[in-house]
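Colleague: Coordinates only, no sequence provided:
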C-alpha cells in the first residue's frame, strides 16, 4: 500500500511537470520578440532570462520537448505499474485510457489555455526556470542541435521572426479594435509599401513635364515659371531626350532683377541627377538628401527622357497629396449618379480593381486606365470613342483629350457596383 501511494504521488508529479512544460511552450514560443524587448526595457523581473531564451528559440523548444516527453513517459509507466498491481494484465488497457484522458485535460489542454489567458506575467515567471533547465541539459541540447544541422537546412533559422504580412494583419486588428484610426492605418500601409515602390510608379511622365531649351531667353523661362508655378525646369539641348541641366527660378529671378541681359540659360543650369525608372524611391530619397537636390531626371531602359521625380512626389507616397497655392485639388475618381465613374487617365488599373470592385484586365504593357484604352484601341483615340470589355462587364468612354494624351475617361458598368452600404 505504501508503494502504491508513493507511485501515485510520483504520477501526480509527472502530470504536473507535463502541465508545466505544456504551458511553457505556449507562453514562451507565443510571445513576440518585440514584446520581449519592451519588457526588458521596462526592467520587468524575469525579462533578462526571457530575452536570453528568445535569442535561441531552438533551446526553448528542445528543453520543453525533453522535459515534456520525460514527464509523459514517466506518468504512463507509473500508471501502468499501478494498474497492473491492482487489476492484473487488464490493467494495461485501463491505465492507457485513464492516462490519455488525464494528460489531455490536465497535462495539455488545461495548462495551454491557462498560459494563453495569463499573459506576460506567467511568461516572466517561468522564463528563469526554463533557462535554468536548459543550462542543466545543455550538453544534450548541443547534441540535438548538431544532429539537426547535419540532417536539416542550416539556414532554416535565418527566416524573419516577423513578416510584412503579419504587420499588416496587426494593423487591421488594431483598426478593428479601435486602437488605430483610419488615417493612421493608411499612413502605416504607406510606410510598408514605401520600400516596394519604384520611381516609375511615382514619377511625373515626360508628357506632363514642362521643359525649356537651353537657347531660350530668360524672359520666356520666367513666363513658364509664372504660368506653371514650378520652381525648377529641366533644360534640354536640341532634343528633349538630351537633358543638360535643371534651371532654378531663384537664379532666373535674380538675374532679371539685376538686369544682367548677357547671361543665358545654359549659364544658370546646374548638373542634373539621372536615375533609372527601376530605382526604389526609398533609396532615391536618401540620395537626394545627401546631394541636397530636390529633383531627379528619370531615364527609361533606352536612356531616353522618361519624366522627373521630386522629393515632394516621394513624400506624397507617405503622407498623401501636398497641395500649395498653385495646385488645384481634383478627385482622381468621381462616382456619378447613374453608377458610372469619371476617372483620371493616370489612375492605375489595379487601384480601380482593388478600391472599387472592378475586374479590369491587367497586362505588363500598361499600368494605368489610359494605357488600357490605348492597348485595346491600338491608335490615338478621339473624344467619345469607346471600348467594351465584356469580360469585365464595363464600357470605357474617352471623355477628354489633350493633344495625343487621354485626360478623362468614363467607366460605365453594365450593372453598377454597390459601393455604399
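Modeller: Nice, thanks for sending it over. The shown structure was predicted, so the numbers you read here are calculated from the model rather than taken from an experiment. Numbering: from 1, shown residues only.
Colleague: List the backbone torsions phi and psi for residue 274.
Modeller: With angles defined as degrees, to the nearest 10, residue 274 sits at phi -100, psi 140.
Colleague: and the nearest residue to it once chain neighbours are set aside, how many neighbours does it have?
Modeller: Ranked by CB to CB, 6 or more residues apart in numbering and with sequence neighbours excluded, the top spatial neighbour of residue 274 is residue 297, at 5.0 Å. Bear in mind the C-beta positions are built from the backbone N, C-alpha and C, glycine included. Neighbour count of residue 297, defined by other CB atoms under 10 Å: 20.
Colleague: Checking residue 297 next. Helix, strand or coil?
Modeller: Residue 297 falls in the strand class when you classify it by DSSP: H, G, I helix; E, B strand; the rest coil.
Colleague: swap in the one 5 residues further on?
Modeller: Local secondary structure at residue 302 is given as coil here, using three-state DSSP.
Colleague: what about it, how many residues close to it?
Modeller: 7.
Colleague: Residue nearest the middle of this structure, spatially speaking?
Modeller: residue 192 (3.7 Å; CA atoms, centre = their mean).
Colleague: Please identify the helix or strand for that one.
Modeller: helix 182-194 (DSSP states H and E).
Colleague: May I see the buried residues of that helix?
Modeller: residue 188 (16 or more other CB atoms under 10 Å).
Colleague: which stretches of the stretch 1-150 of the chain form helices?
Modeller: For the stretch 1-150 of the chain, the helices defined by DSSP state H, counting those that start in this stretch cover 2-30, 33-41, 47-54, 57-87, 91-102, 110-118, 120-136, 138-151.
Colleague: Quick one: list the elements packing against the helix holding residue 192.
Modeller: helix 164-176, helix 311-319 (3 or more CB pairs under 8 Å, 6 or more residues apart in numbering; DSSP states H and E).
Colleague: which one of these is the most hemmed in?
Modeller: Highest mean neighbour count of these: helix 311-319, a mean of 15 (counted as mean count of other CB atoms under 10 Å).
Colleague: what sits up against that one?
Modeller: Applying CB atoms under 8 Å, 6 or more residues apart in numbering, the contact partners of helix 311-319 are 187, 190-191, 193-194, 197, 202-204, 281, 284-285, 288, 294-295, 322.
Colleague: Could you look up the next helix or strand downstream of that helix?
Modeller: strand 333-335.
Colleague: Residues touching that next one, excluding its own?
Modeller: Counting by CB under 8 Å, 6+ apart, 341, 342, 343, 344, 347, 352, 355, 356, 419 sit against strand 333-335.
Colleague: what's the farthest-apart pair in those?
Modeller: Pairwise distances across the contacts of strand 333-335 (CB to CB) peak at 18.0 Å, for the pair 344 and 419.
Colleague: How many residues are close by the nearest residue to residue 58 once chain neighbours are set aside?
Modeller: With sequence-adjacent residues excluded and distances taken as CB to CB, 6+ apart, residue 58 is closest to residue 145, at 6.0 Å. Residue 145 has 14 neighbouring residues, counting by other CB under 10 Å.
Colleague: what about residue 145, distance to residue 31?
Modeller: Residue 145 is 22 Å from residue 31, where distance means CB to CB, to the nearest Å.
Colleague: what's the answer for residue 203, then?
Modeller: 44 Å.
Colleague: Same question for residue 192.
Modeller: Counting by CB to CB, the gap from residue 192 to residue 31 is 23 Å.
Colleague: returning to that earlier point: who wins for proximity to residue 237 among the helices of the stretch 1-150 of the chain?
Modeller: Checking the helices of the stretch 1-150 of the chain against residue 237 by CB to CB gives helix 33-41 as the closest, at 54.0 Å.
Colleague: got the buried residues for that closest one?
Modeller: Per 16+ other CB under 10 Å, helix 33-41 contains these buried residues: 36, 39, 40.
Colleague: helices and strands around it, which ones?
Modeller: Secondary elements touching helix 33-41 (3+ CB pairs under 8 Å, 6+ apart): helix 47-54, helix 120-136.
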